[in-house]
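*Asks:* Just the structure for this:
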Amino acid sequence: MMPTMLRLLVGVGLMSVLNVLGLSSHKHDQATFVQNTSGFTPYMNHYCETNMHPNASVYVGHDSPSTCKAICLNVSCTCYDVLLTKTPGQWPCRVTKLSKLTAESAVGYTAFVANSAPSPSGPLTTIVDFGTPHKETSRPFQHFWKSCGWCPPDPHPLFPDFFATEDVWQNHLQISSVPRKGIAYVRIHFLFDLLGLVDGQDLADTDSSTSIVFLQDTQRFARPFWKSRGLNFSALDAAMDQLNQLGLAPGFEIMGNPGNAADRSDRLFTDFTEHTQILAWNQLVHTVATRYIQRFGVDVVRTWRWESWNEPDGECKRNLSAGIVCDLASFCAYFDASVNAINMADSELIMGGPASDGALEFLAGVVSHCINGTNAITGEQGCGKVDYLNIHKKGDQDTATITLQELPPAIVTMAEINGTSLSKARWGNDEADPKGGWSTPYPWREDTRYAAMVPRVIQQHQENFIEQHGIPYDVLSNDNGFQSYPDNAEAHVWQQRTLVARWMYNSTTPKTLETVRKPVLNTMALLSLLGTDIYSASGLEPSLVGNIGVLPTTAQFPGAAPVVAALVWRVHDSEPIDPDAPLQNISLELRNLPFSAGEEVMTAVFALDETHGNSHSVYVQQGKPTFPSAEQLKAMRDAAEIPMLPGYPRPTPVSNNLTMQLAVALPSVHVVMMCAKPEKAPGQVTGVLLHRTPTASPGQVIIKWDSVAERCVRTYAVYYSTSNATASGPGQRVNTVDTIFTAYLHALPATASAKASACYTVSAIDFWGRSGPPSNKVCV
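*Replies:* Residues are numbered from 1 along each chain as shown. This is a model prediction of the structure:
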C-alpha cells in the first residue's frame, strides 16, 4: 500500500510541480501579466490558457490564441502549435526540445514559451558578501555530485572479460585523475554478473584457492539452496582491486545473477517470491560485503556506496534482466535481505535505494514497507537502517526538467519519512543526466554546452532542494561513465554520454586504443576546486531560468591559509552555439574577503570554453580524423588541459572588498581562485603508479598520482629519466603544458626500446611557483 502522500503524487501534473516551486500562476478572466517576486527583471514568457510551463515565475499570460500569436510576433520565443502542425515555421519562432514541457492546451490554443532568459544586454554585476565573521553568512557546502556510472554491454556473460580490458582501465584512470577526488564513485550495474559458479564435486578437498567460496558451510538455513555450489570471486575481486588501486570507490549496485553458461541458463537465482531464495540472497550479499572488508579494511569499505537493484519499476517487469521473477512485494523482500546483509557486515556501511524511475511506484512501495512492513529476514517492523532514498529523473536536452520532475517527490517523500525509522535517510538522484539514452548521439555532448550544463544542474539543486526546502541531499550523479561505441565515428566518440573520447586501432599489432578527456570531464575538475562553505551571489536570476550562475565558496581550516573559489557558468543548455555571440562582461564585487592584513594573496582564473581547455575544438580543427596520429592525439591532450587566463596567477592587493572583471563566452565555465600564501611549498606527491599501454609506436606510459593537500596548485610537473638512481636527479620535465589533473600520458622517445626502463617523479607547483619535493622515483 502506498503512503497517502505518495499515492496522491501519482499522476501529478506540471502545475503541481510549479506549485511546489512557487512558480505557478493564478487564473485570470482576461489577459493579465503577473510579475515574479524573486527580484530580477522579467522577460517575455507566455503560454495560453490551461497551459503550464516551468518558467512561469517570470511572466505569465492567460490569453486568447490571437493574443498569444501577437506576442510571439514581437519576442524571441518557442512556439508549440497544439491544434495544427506541432512543427516550426508557422510563426516567426523556433521549436526547441523545451517545448515538450508545455502541456497541451484545449483545441485551438497555441503555447508560446521563451526557452530561457536572454543574456543581459550590458555588463552584469553580482555581489558576494563573505561576511564578518565568516560563519555568520555562509552555509556548509557538500560536494554532492562526485559520482558517475555505467552499465556493462551485452551480452552480460562477457562482463568478466570486458572489465579486464585496457579500455575499462583507461576509462577509470581518466575518471580517477580528477583532482581532489572530484569523482569519488563509479556506480556500476550488474556487478554480481562477475561472480562465477563452482561445483564442489569438481574440486579437491585440499583446494586452497582464495577466489572460491562455498556458502553452504556458512549458514545452515541456506544449505538446501546452495547444495554443493560455490562462488568464484576472481573477476569481481579484480574489478574491486582496480577501482581501489585507482583511488575510486564503487557505487556497488547489488544486482546481477551469478552463473557461468554463455546463455546464463545456469543462473543461480530464479524467483524472489520464494523465501528460500531471499534468505540465500541475504547470505550472498553478506558474504560479498564481509569479503571486501577483509580484503581492503573496514575504513575503505565504509566509503563505498551500496545500492539496491537499478530502476526496479521497469526491471521487475523484465525479470530484472537477470532471469529472476520479481514484483513489488518480492522486491521489498529483496530490499530487506540486502539492507540487513550490509548492516550486519558493518553498521556504518552506506546503503540505500530503491533507484526508482518512471511513476515511482517502487519508491512509494519501499518507503511504505520500510515504515510499516514486516522485515523478510528479521520478522521485525521495517527494513533497518537506510542511509539514502533515491530516484532517477533526467532532462530533455535541458537542465530545468530534472529539478521540475525530481523536487515534488523529494518534498513529499521527505515529509512522509519525517519522524519514522527512515527519518535519517538523505535524498538523491544518481542518474540526473540532461538526457536519457546514453548511446544516442547528441552534438551538445561533445562540447562546452554539456560541460556547462553540469554546474547549472548542481546550482539548481543547491538552490531548490538544499536552500529552499532544506532537503538533506545525498548524491547527484551523471550516469556518464560509459565507453563509446568502438567504430571511431564522431557521433560515438564524442556525442554519446561519456566523459572520455576513445578511438580503437584494431589493425595494429597489438590492438590498441587511445583516450582523451572530453570538456565535461574538465568541468568535474573545476568543481573540485570549490570550497566547503557557500555564499549567496546577488543580482542573478534563479538558476532554473537564468543562464548565468555563480557558486562562491571558501575553504578555511585550522593552520591553513584561507582560499576563495567561485565557479561561474554560462549556458543556454543544448541550444546551438553561436560563434559570433558576444562575451558577457561580469563584475564580481567581493566583499568582506577572509584575508588578513599582511597576507600575500594570489588570484588565478581557470577557463573552459570553446577555445580554452577543449580537446574537441582541436579535433574539429584537425578535420575530425578517424584514426588520429600520435601528433594529433598529443595536440588534443594538450588542449584538454585547463589553462589559466593570460596574466594569471597574479598578486592581489589585500583588501576587505575587491571588484573583478570577467568576460565569459557562451557557453563557458570559469573558476576564480584567491589564495593566501601558505607558509610552505606544497607537500610531497605520493601514490605514483605507472602503466604501459599496448601502444607500441611510440611506446606510452601513463603516470598516475594522488593530489597534494594544498588547494592552490598551478600544475603538477612530471619528470622522466631512464635511470632509477636518485643521484641522477628527477630527470626532464615531459608535461610541457600545465595540468591540475593527477594523471599524464607520456609518449616515449622514438629512440627508446620497448623494454627500456622508464622512471618518473612528480612534483606539485603552487601559484607562487614554489615546487614541492619530488615524489619517490618509480620505474616501469
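
*Asks:* and the gap between N244 and A238?
*Replies:* Applying Cβ to Cβ, to the nearest Å, the value for N244 to A238 is 11 Å. All C-beta atoms are positioned from the backbone trio N, CA, C, and that covers glycine.

*Asks:* Those two: who's more crowded?
*Replies:* Neighbours of N244 and A238, each counted by other Cβ atoms under 10 Å, are more numerous for N244; the result is 17 against 14.

*Asks:* That one sits in which helix or strand?
*Replies:* helix 234-245 (DSSP states H and E).

*Asks:* Looks like G428 contacts I471 (just checking).
*Replies:* No. Contact criterion Cβ atoms under 8 Å: G428 and I471 do not qualify, at 9.8 Å.

*Asks:* Compare those two (neighbour count), which wins?
*Replies:* Neighbour count, other Cβ under 10 Å: between G428 and I471, G428 has more, with 30 against 19.

*Asks:* any idea how far the more buried one is from I350?
*Replies:* Going from G428 to I350 by Cβ to Cβ gives 11 Å.

*Asks:* any residues in contact with both of these two?
*Replies:* Counting by Cβ atoms under 8 Å, 6 or more residues apart in numbering, the shared contacts of G428 and I350 are Y388.

*Asks:* what about the residue nearest to V128 when sequence neighbours are not counted, which SS state?
*Replies:* In this structure, V128 finds its nearest non-sequential neighbour in P552, 4.3 Å apart by Cβ to Cβ, 6 or more residues apart in numbering. Put simply, P552 is strand when judged by DSSP: H, G, I helix; E, B strand; the rest coil.

*Asks:* these two touch, right, P552 and A566?
*Replies:* Yes. If you go by Cβ under 8 Å, P552 and A566 touch, sitting 4.3 Å apart.

*Asks:* what ranges of the stretch 51-200 of the chain fall below the confidence cut-off?
*Replies:* 51-121, 132-138, 200 (pLDDT under 70).

*Asks:* and if we set it to 80?
*Replies:* Applying pLDDT under 80 to the stretch 51-200 of the chain flags the ranges 51-122, 132-139, 199-200.

*Asks:* what does the chain give?
*Replies:* 1-122, 132-139, 199-210, 214-229, 261-264, 508-510, 558-559, 724-729, 752-755.

*Asks:* quick check: longest helix of it.
*Replies:* Of all the segments assigned as helix in the chain under DSSP state H, the longest by residue count is helix 275-296.

*Asks:* what's the helix or strand immediately after it in the chain in contact with?
*Replies:* Reading on from helix 275-296 to the C-terminus, the next helix or strand found by DSSP H and E is helix 298-301. With Cβ under 8 Å, 6+ apart as the test, helix 298-301 has contacts from 244, 249, 289, 292-293, 346, 348-349.

*Asks:* Now with 7 Å, please.
*Replies:* Defining contact as Cβ atoms under 7 Å, 6 or more residues apart in numbering, one finds that helix 298-301 is touched by 244, 292-293, 346, 349.

*Asks:* Now tabulate those residues in a markdown table and tack on distance to L544.
*Replies:* Formatted as a markdown table, these follow (distance: Cβ to Cβ, whole Å):
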| residue | distance to L544 |
| --- | --- |
| N244 | 39 |
| Y292 | 41 |
| I293 | 43 |
| D346 | 40 |
| L349 | 35 |
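
*Asks:* From those, list just the buried residues.
*Replies:* For these, a neighbour count by 16 or more other Cβ atoms under 10 Å gives the buried set as 244, 292-293, 349.

*Asks:* which residues do P552 and A566 both contact?
*Replies:* With Cβ under 7 Å, 6+ apart, P552 and A566 have common neighbours V128.

*Asks:* ok so, going back, is it true that the residue nearest to V128 touches T126?
*Replies:* No. Look at P552 against T126 with Cβ atoms under 7 Å: they stay out of range, at 8.7 Å.

*Asks:* For the closest residue to Q245 other than its chain neighbours, name its beta-bridge partners.
*Replies:* Leaving aside its sequence neighbours, Q245 sits nearest to L689 (Cβ to Cβ, 6+ apart; 7.1 Å). Taking DSSP bridges as the rule, L689 bridges to K704.

*Asks:* M504 too?
*Replies:* Per DSSP bridges, the residues bridged to M504 are L513.

*Asks:* The chain should start at 57 in everything you say after this.
*Replies:* With 57 as the first residue, the last one maps to M560.

*Asks:* ok, it touching L569?
*Replies:* Yes. Contact criterion Cβ under 7 Å: M560 and L569 qualify, at 5.3 Å.

*Asks:* For whichever strand or helix holds V727, enumerate the helices and strands it packs against.
*Replies:* Assigned by DSSP H and E, V727 belongs to strand 724-732. Strand 724-732 sits against helix 504-517, helix 575-584, strand 619-626, strand 657-664, strand 714-720, with contacts defined as 3 or more Cβ pairs under 7 Å, 6 or more residues apart in numbering; DSSP states H and E.

*Asks:* The last one: partners in the sheet, and parallel or antiparallel?
*Replies:* When you say that, I think you mean strand 714-720. Here, using DSSP bridges, strand 714-720 pairs with strand 640-647 (antiparallel).

*Asks:* any idea of the angle the strand it pairs with forms with strand 724-732?
*Replies:* Strand 640-647 and strand 724-732 meet at an angle of 30 degrees, taking axes from the mean of the first three to the mean of the last three Cα atoms, to 10 degrees as the criterion.

*Asks:* Using PDB, list the CA coordinates for strand 640-647.
*Replies:* Coordinates of each C-alpha in strand 640-647 appear next as PDB, following Å, rounded to 0.1, in the frame of the first residue of the first chain:
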ATOM      1  CA  GLN A 640      29.300  38.700 -21.300                       C
ATOM      2  CA  ASN A 641      31.100  41.100 -19.000                       C
ATOM      3  CA  ILE A 642      30.600  40.200 -15.400                       C
ATOM      4  CA  SER A 643      31.600  42.400 -12.500                       C
ATOM      5  CA  LEU A 644      32.300  40.300  -9.400                       C
ATOM      6  CA  GLU A 645      32.100  42.500  -6.300                       C
ATOM      7  CA  LEU A 646      33.600  40.500  -3.500                       C
ATOM      8  CA  ARG A 647      33.000  42.000   0.000                       C
END
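
*Asks:* So what touches it?
*Replies:* 175-176, 179-186, 604, 622, 624, 626, 713-720, 722, 728.
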